[in-house]
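Visitor: coordinates only, sequence not included:
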């Protein structure tokens, strides 16, 4: 899957959640609420990393870890979209900066 396809898929799912939020709460989540969801996902990810390292027990840890990593990526795509950040361009530029620092 190309990065642009990944972003479009993530945003399509985000639009479906936004419709669900409007139905349940009368509005979509704010940027702050999206960020809080991401923080929750990162917390879940940290527990799964501990499980993968053997200091917690989680059934099917590899499947759960893959799911949570994807969930975190989805949140990042949604946040980037909310704030008008071209994530692909920003990632490429950041990797260039880091690579230059290491050269």
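Guide: Perfect, I can see it now. No experiment lies behind these values; they were computed from the predicted model shown.
Visitor: and the pLDDT at residue 1?
Guide: Looking at residue 1, its pLDDT is 84.
Visitor: helix or strand for the nearest residue to it once chain neighbours are set aside, just tell me which one.
Guide: For residue 1, ignoring the flanking residues on the chain, the nearest one in space by C-beta to C-beta, 6 or more residues apart in numbering is residue 9 at 7.7 Å. All C-beta spots, glycine's among them, are computed from the backbone N, C-alpha and C. Counting by DSSP states H and E, the element that carries residue 9 is helix 3-25.
Visitor: hmm, who's touching that helix?
Guide: Residues outside helix 3-25 that contact it (C-beta atoms under 8 Å, 6 or more residues apart in numbering) are 1, 27-29, 73-74, 77-78, 81, 87-88.
Visitor: now secondary structure too, for those residues, in JSON lines please.
Guide: Listed next are the contacts of helix 3-25 as JSON lines, based on DSSP: H, G, I helix; E, B strand; the rest coil:
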{"residue": "1", "secondary structure": "coil"}
{"residue": "27", "secondary structure": "coil"}
{"residue": "28", "secondary structure": "coil"}
{"residue": "29", "secondary structure": "coil"}
{"residue": "73", "secondary structure": "helix"}
{"residue": "74", "secondary structure": "helix"}
{"residue": "77", "secondary structure": "helix"}
{"residue": "78", "secondary structure": "helix"}
{"residue": "81", "secondary structure": "helix"}
{"residue": "87", "secondary structure": "helix"}
{"residue": "88", "secondary structure": "helix"}
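Visitor: where's residue 67, which helix or strand?
Guide: Residue 67 belongs to helix 61-82 when assigned by DSSP H and E.
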